[in-house]
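S.K.: Below is the sequence, then the predicted model.
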Amino acid sequence: AGNRIGGGGAEANVIANNGGDGIRVTDTAGTDNAILRNAIHDNAGLGIDLDLDGVTPNGAGDPLNFPIIDSAVIAPPWITVNYTIDVPAGDYVVEFFSNPSGTDPTGYGEGEAFEYRDSITHAGGSASYVAVFSGFVTDVLTATLTEDLGGSYGSTSEFSGTANVTTGNLVVNSGGNTGDAAPGNGACDTGGTIVGGDPECTLDAAIQEANALGGSTTIELAIPDTDPLYRNLGAGISYWRIQPTVSITPITGGDITIDATTQTSYAIGQGYFVNDTGPEVEINGSTGVGGNGLEIQSSNNEIRGLVVNRFDTGIAVFSGDGNVVAGNYLGPDPSGANGLVGNFLEGVEVDGATNTIIGGTAAADRNVISGNRLRGVTIDTGSPLTAGTRIVGNYIGTNAAGDTGLLYDATNLQQIGIYILNSPDTVIG
């Protein structure tokens, strides 16, 4: 009893690459055995094993229950961890560790790199806490709990189960075109202009950052009305424009959501008009950039709440599975009532992707795909073969009210609503 392994600074040990457990404390070792700030990793067994019985569930006999990490989110430079403990009343320290080498096969971590210590006074029983600390962790987080006896330490728990650190939402605050300064560092930052006290984040920069981060990422839009491309036309019609001078980076990371519906609440909070008749953000290709307004090359992505016009193709889904295109105006202007700004080829093209959903059963999922020169929706032959596309609940060829057609130019309507070349298992409606 009363042993201590490690401590602050130079007292910490590196305990790694052993054929069994990193630290094993038998049931004859007594209590008040503290294990603090060590780097414990790549051992064949557990990082810490108490009582020689493998992972011991909380409440099953170990001297101290381990913490439960409920969530861990990074929004640089801050990491926010929500965790729960269920132990007797007293003072405790919770130590958090990152694990760049990955998850222990048991699902209960080791502790490769010490990140932060949270000191708490606990009233007893189960209670939740929040720890916020600076750092950059995008892998696996674990934690231990140790009794703080005031000048000395009591028992330490086994390591908690692992928790993947997720990214906070990336927030686009500029209609500009500059890319991300350092993709993959967890922050959307062009490295230049400051908008509202924050680093500038353009849509292109946000996509680059999300691609580099991997994992599930949501890109929100909250562009201020001071942006040079903000348009207030009066009569309840105002919107924000993104007008790229080079092609926007394709979505390659997977599990990325672009949700432009967030722009509405941001504008209302400012007290300014919003677009009463349609989406709040237009991606406009009138600079002659051509190509695709947005392009998907991965799986499980969603594009929602945008106006996309004046490109060759509004949105192109060129690979991946389970992508969703919903709630967009693809061809019309932001009011949804006017044409003459459509895409040169089509509003949406699916080519080489599977199980793509265009639209949905809810009104908020409806795309308005009209006023394009050739086609509203193209389902094309792909390699691998395009298959399983579902087109449901959209207005294709009409205005947003669904009661009249939209012109591409002075005399011509969109030529074809839906064009299927060679794609099995397509469902329309």
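M.R.: Everything's here; your move.
S.K.: mind checking the SS state of residue 206?
M.R.: helix (DSSP: H, G, I helix; E, B strand; the rest coil).
S.K.: Sorry, slip of the keys, the one I care about is residue 114.
M.R.: From three-state DSSP, the assignment for residue 114 is strand.
S.K.: Could you pull up phi and psi at the closest residue to residue 47 other than its chain neighbours?
M.R.: Distances taken as C-beta to C-beta, 6 or more residues apart in numbering place residue 110 nearest to residue 47, at 3.4 Å, with adjacent residues excluded. (C-beta placed from N, C-alpha, C; glycine too.) Reported as degrees, to the nearest 10, the phi and psi values for residue 110 are phi -100, psi -160.
S.K.: Extract the C-alpha set from the helix or strand where residue 308 lies and format it as CSV.
M.R.: Using DSSP states H and E, the element containing residue 308 is strand 306-309. Only the C-alpha atoms of strand 306-309 are listed here, as CSV (Å, rounded to 0.1, in the frame of the first residue of the first chain):
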residue,chain,number,x,y,z
LEU,A,306,-27.5,26.3,-51.2
VAL,A,307,-28.2,28.1,-54.4
VAL,A,308,-25.8,26.9,-57.1
ASN,A,309,-25.9,28.5,-60.6
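S.K.: could you say what helices and strands the helix or strand just after that strand packs with?
M.R.: For strand 306-309, the following helix or strand on the C-terminal side (DSSP H and E) is strand 313-319. Helices and strands touching strand 313-319, by 3 or more C-beta pairs under 8 Å, 6 or more residues apart in numbering; DSSP states H and E, are strand 292-297, strand 346-351.
S.K.: and the last one, what's its mean pLDDT?
M.R.: Here the mean pLDDT over strand 346-351 is 98, rounded to a whole number.
S.K.: neighbouring contacts of that strand?
M.R.: 292, 308, 313-318, 325, 330-331, 356, 358, 367, 369-370, 372, 374-382, 386, 389, 396, 419, 423 (C-beta atoms under 8 Å, 6 or more residues apart in numbering).
S.K.: Mark which of the residues you listed are buried, thanks.
M.R.: 292, 308, 313-318, 325, 330-331, 356, 358, 367, 369-370, 372, 374-380, 382, 386, 389, 396, 423 (16 or more other C-beta atoms under 10 Å).
S.K.: Tell me who's in contact with residue 216.
M.R.: Here residue 216 is in contact with 166, 255-256 (C-beta under 8 Å, 6+ apart).
S.K.: out of the residues you listed, who's nearest residue 173?
M.R.: Residue 173 lies nearest to residue 256 out of the contacts of residue 216, by C-beta to C-beta, at 18.0 Å.
S.K.: in the sheet, who's paired with the closest one?
M.R.: residue 217 (DSSP bridges).
S.K.: Return the subset of the buried ones among the contacts of strand 346-351 lying in strands.
M.R.: Taking DSSP state E as the definition of strands, the buried ones among the contacts of strand 346-351 contribute 292, 308, 313-318, 325, 330, 358, 369, 375-380, 396.
S.K.: Report the separation between the residue nearest to residue 47 and residue 92.
M.R.: Distance, residue 110 to residue 92, by C-beta to C-beta, to the nearest Å: 21 Å.
S.K.: In terms of neighbours, single out the busier of the two.
M.R.: Ranked by neighbour count (other C-beta atoms under 10 Å), residue 110 and residue 92 place residue 110 first, with 30 against 23.
S.K.: Need the pLDDT of that one.
M.R.: Note for residue 110: predicted pLDDT of 94.
S.K.: Correct me if wrong: it contacts residue 40.
M.R.: Yes. Using C-beta atoms under 8 Å, residue 110 makes contact with residue 40 at a distance of 4.7 Å.
S.K.: anything in contact with each of the two?
M.R.: 22, 47, 97, 159.
S.K.: Just these: which are in strands?
M.R.: Going by DSSP E, the strands hold residue 97 from the shared contacts of residue 110 and residue 40.
S.K.: Would you mind giving the shared contacts of residue 110 and residue 40 as TSV with pLDDT, distance to residue 147 and neighbour count added?
M.R.: Listed next are these as TSV, based on pLDDT from 0 to 100; distance: C-beta to C-beta, whole Å; neighbours: other C-beta atoms under 10 Å:
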residue	pLDDT	distance to residue 147	neighbour count
22	96	20	28
47	96	19	28
97	96	18	26
159	97	16	29
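S.K.: So, low pLDDT: which residues of the stretch 251-400 of the chain?
M.R.: 264-277 (pLDDT under 70).
S.K.: For the closest residue to residue 366 other than its chain neighbours, grab the count of nearby residues.
M.R.: Spatial nearest neighbour of residue 366, excluding adjacent residues (C-beta to C-beta, 6+ apart): residue 393 at 5.2 Å. Other residues within reach of residue 393, judged by other C-beta under 10 Å, total 18.
S.K.: repeat for residue 12
M.R.: For residue 12, using other C-beta under 10 Å, the count is 16.
S.K.: Now do the same contact list for it.
M.R.: By C-beta under 8 Å, 6+ apart, the neighbours of residue 12 are 6, 36-39, 114.
S.K.: what pLDDT does the most centrally placed residue in the chain get?
M.R.: The chain has residue 217 as the residue nearest its centroid, 1.0 Å off, counting by C-alpha atoms, centre = their mean. pLDDT for residue 217: 89.
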